[in-house]
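Enquirer: dropping a prediction and its sequence here:
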Amino acid sequence: MDKHRIQHSFAQAASAYDQHARMQREAASALALRMQRHWPEAHRILEIGCGTGNLTRHLLATYPQAQLLATDLAPSMLATCQTLLTPTDRPRVQFEAADGEQLDATGFDLVASSLVFQWFEDTPATLRRLHAQGARVAVATLVDGTFQEWKDAHAQLGLADGVRPFVSEDALRELATALQAHVEFDTLYERYDDPKDFVRAIKGIGAGTPRPGHQPAPLGRVLRQFPEGITVSYRVAYWCAEPVSHA
């Protein structure tokens, strides 16, 4: 996986990200509600992939006594997140540019991340590692079935869609059983009357990096598959796990 390319894409999207991130806000809110239900208190929080702060602000509101380390692969996302925090909240947050797949959760009592783990080389391996490092882990991530309508349109034309592979629900269910974690699945939808707006939105949030080696398909042919617009599905897993010492 070319993380430099991913970093560059998200870095460019920082200023316009929130104009397109409707579903991302919805997923962050849903994850925050689950965290509050499972763990009413937290004091030292690591956020992996804070972006512009959709989940960050929920964490600060849910855990008013907590100190937060907000990380992201793209420094411009960190800068945008910082500017969007209130003056009251800003002193409670430290920011660090980091690859979330390599972070150490030791010393934190909660690790949280919304819609970042789908960019990792090995999502289950990262969940296992964090689980073993002594923190509670709350993650929302996209799973197989996301963008199915877009993928089907390519398949009908005999074209490769370029969508990066997502972890399967079965893989996460098996891992949840092994780690005594709790995982739920939900499908979120976005409607675009003009299918070009879907393409613009994906680029607008920095998520347009295709799978390695993909040759772009003729976009016009694909868009003509949606003469009445497109409703796009996002299949989301919500993962909540106690640390290994509590299992």
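Expert: Nice, thanks for sending it over.

Enquirer: lowest-pLDDT helix or strand in the protein?
Expert: helix 3-13 (a mean of 58; mean pLDDT, DSSP states H and E).

Enquirer: hmm, who's touching the lengthiest helix in the chain?
Expert: The residue-count maximum for a helix in the chain (DSSP state H) belongs to helix 22-38. Identification of contacts with helix 22-38 by C-beta atoms under 8 Å, 6 or more residues apart in numbering yields 42, 51, 54-55, 58-59, 62, 110, 112, 114-115, 136, 138-140, 182, 184, 186, 188, 190, 205, 234, 236, 238, 240. Backbone N, C-alpha and C define where each C-beta goes, glycine included.

Enquirer: repeat the analysis, applying 6 Å as the threshold.
Expert: Contacts with helix 22-38, where a contact means C-beta atoms under 6 Å, 6 or more residues apart in numbering, come from 54-55, 58, 62, 114-115, 138, 140, 188, 190, 234, 236, 238, 240.

Enquirer: could you do stretch 130-139 as well?
Expert: Against stretch 130-139 from outside (C-beta under 6 Å, 6+ apart): 35, 39, 105-106, 108-113, 117, 179, 239-244.

Enquirer: just the helices in this protein please.
Expert: 3-13, 17-20, 22-38, 54-62, 75-84, 123-132, 148-156, 169-179, 195-204, 219-223.

Enquirer: tell me which residue lies nearest the centroid of this structure.
Expert: Leu115 (0.9 Å; C-alpha atoms, centre = their mean).

Enquirer: so how far is the longest helix of the chain from its chain's centroid?
Expert: The chain centre lies 11 Å from the centre of helix 22-38; the measure is C-alpha atoms, centre = their mean, to the nearest Å.

Enquirer: if we can go back for a sec, closest to Glu101 out of the helices of the chain?
Expert: Among those, helix 123-132 comes nearest to Glu101, with 5.6 Å by C-beta to C-beta.

Enquirer: for Asp75, give me its contacts.
Expert: One correction, residue 75 is Pro, not Asp. Per C-beta under 6 Å, 6+ apart, neighbours of Pro75: Ala97.

Enquirer: for it, give its distance to Glu228.
Expert: 41 Å (C-beta to C-beta, to the nearest Å).

Enquirer: low-scoring stretches of this protein, by residue?
Expert: 1-21, 204-215, 245-247 (pLDDT under 70).

Enquirer: Ala178: how many residues sit nearby?
Expert: 12 (other C-beta atoms under 10 Å).

Enquirer: sorry, wrong one. I was asking about Asp89.
Expert: Asp89 has 17 nearby residues by other C-beta under 10 Å.

Enquirer: what residues are up against it?
Expert: Asp89 neighbours (C-beta under 6 Å, 6+ apart): Leu60.

Enquirer: got phi/psi on it?
Expert: Backbone torsions of Asp89, given as degrees, to the nearest 10, read phi -80, psi -30.

Enquirer: between the contacts of helix 22-38, which is closest to Asp197?
Expert: Among these, Glu190 lies closest to Asp197 (C-beta to C-beta), at 9.5 Å.

Enquirer: Asp161: neighbour count?
Expert: Residues lying near Asp161 (other C-beta under 10 Å) number 18.

Enquirer: what of Glu190?
Expert: So Glu190, with other C-beta under 10 Å, has 16 neighbours.

Enquirer: tell me the bridge partners for it.
Expert: Glu190 forms beta bridges with Val232, as assigned by DSSP bridges.

Enquirer: pretty sure it is touching Val232, no?
Expert: Yes: under the criterion of C-beta atoms under 6 Å, Glu190 makes contact with Val232 at 5.1 Å.

Enquirer: return the members of the contacts of stretch 130-139 classed as buried.
Expert: For the contacts of stretch 130-139, a burial check counting by 16 or more other C-beta atoms under 10 Å picks out 35, 39, 105, 108-113, 117, 179, 239-243.
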